[in-house]
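Student: Give me the fold of what follows.
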Amino acid sequence: MEEQDVIRQVKEGSEEAFRILVDNYKDKVYNLCYGYLKNEGDAEDLAQEVFVEVYRSIGRFRENAGLGTWIYRITVNKSLETLRRMKRQKRWAYMYSLFGMEDRLEAVHKDEVHPGVKLENQERATLLFSKIDDLPGKQKTAFLLHKIEGLSYTEIAGVMQTTVASVESLIHRAKVNLRKSLYQYYKSQQ
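Tutor: Take a look at the predicted model:
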């Protein structure tokens, strides 16, 4: 089924068309969520939230942008919202611990390794993902979309609602920052 047909049918309320849409994008959405959250369960939950949002707002989808670009934009926004919420929870967790109120603490997520990383590379992957997490927000988003999701600079510009030149600059700065932080890490390990 053509993408325009899927969009039209989803707008008309077709469950089968929505199932096709989810099947086409579920792995990409999950991987992007995981790239931000580093937790399989959280990434699965967030991916479901993304598709709920897609279903709710498909009527507002303007077809001048690609469907994939629109879904990625929703995924990035939801991922960033979730990270902000998690940071707030961590700040409150710290405050609760100061006042002996640990029973109110929610579980803090342990670092996990992306499922696509082989066992022998997990330590390096964990280090790399932690350094990616330290990147400024827009650099991190551009880098993840390009290197993890394989989007072109043009597609990333559409997702981030910016220019291709800005995307090129963000990815270049992300690489420079990663090179510096990884160099400092390995230098300190000697």
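Student: Now stretch 127-136 - C-alpha only, CSV.
Tutor: Output in CSV follows, covering the C-alpha atoms of stretch 127-136 (Å, rounded to 0.1, in the frame of the first residue of the first chain):
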residue,chain,number,x,y,z
LEU,A,127,31.2,4.6,27.1
LEU,A,128,30.2,6.0,23.7
PHE,A,129,26.5,6.3,24.6
SER,A,130,27.4,8.0,27.9
LYS,A,131,29.5,10.6,26.0
ILE,A,132,26.7,11.0,23.4
ASP,A,133,24.4,11.7,26.4
ASP,A,134,26.7,14.5,27.4
LEU,A,135,26.4,16.3,24.1
PRO,A,136,24.3,19.5,24.0
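Student: ranges for the helices of the chain?
Tutor: Using DSSP state H, the helices of the chain run over 3-11, 15-37, 40-57, 67-98, 122-133, 137-143, 153-160, 164-189.
Student: quick one, the last one and helix 153-160 angle?
Tutor: Using axes from the mean of the first three to the mean of the last three CA atoms, to 10 degrees, the direction of helix 164-189 lies 90 degrees away from that of helix 153-160.
Student: which parts of helix 164-189 are buried?
Tutor: Neighbour-count burial for helix 164-189 flags Ser166, Val167, Leu170, Ile171, Arg173, Ala174, Asn177, Leu178, Ser181 (criterion: 16 or more other CB atoms under 10 Å). Using the backbone N, CA and C atoms, a C-beta is placed for each residue, glycine as well.
Student: now stretch 155-171: how far from the chain's centre is it?
Tutor: On the basis of CA atoms, centre = their mean, to the nearest Å, stretch 155-171 is displaced by 16 Å from the centre of the chain it belongs to.
Student: Start the count at 305 instead of 1 going forward.
Tutor: Sure, I'll start numbering at 305, so the last one becomes stretch 459-475.
Student: what residues does it touch?
Tutor: By CB atoms under 8 Å, 6 or more residues apart in numbering, the residues outside stretch 459-475 that reach it are 369-370, 372-373, 376-377, 380, 442-443, 445-447, 449-450, 455, 457-458.
Student: Buried members of the residues you listed into ChimeraX, please.
Tutor: Buried residues within the contacts of stretch 459-475, by 16+ other CB under 10 Å, are selected in ChimeraX with:
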select :372,373,376,380,442,443,445,446,447,449,450,455,457
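Student: list the contacts for the closest residue to Lys479 other than its chain neighbours?
Tutor: Nearest non-adjacent residue to Lys479, counting by CB to CB, 6 or more residues apart in numbering: Phe447, 7.7 Å away. With contact set as CB under 8 Å, 6+ apart, Phe447 has these partners: Ile436, Leu439, Leu474, Ile475, Ala478, Lys479, Leu482.
Student: Looking at the residues you listed, which gets the smallest pLDDT?
Tutor: Minimum pLDDT for these is recorded at Ile436 (86).
Student: and the gap between that one and Glu320?
Tutor: According to CB to CB, to the nearest Å, Ile436 and Glu320 sit 38 Å apart.
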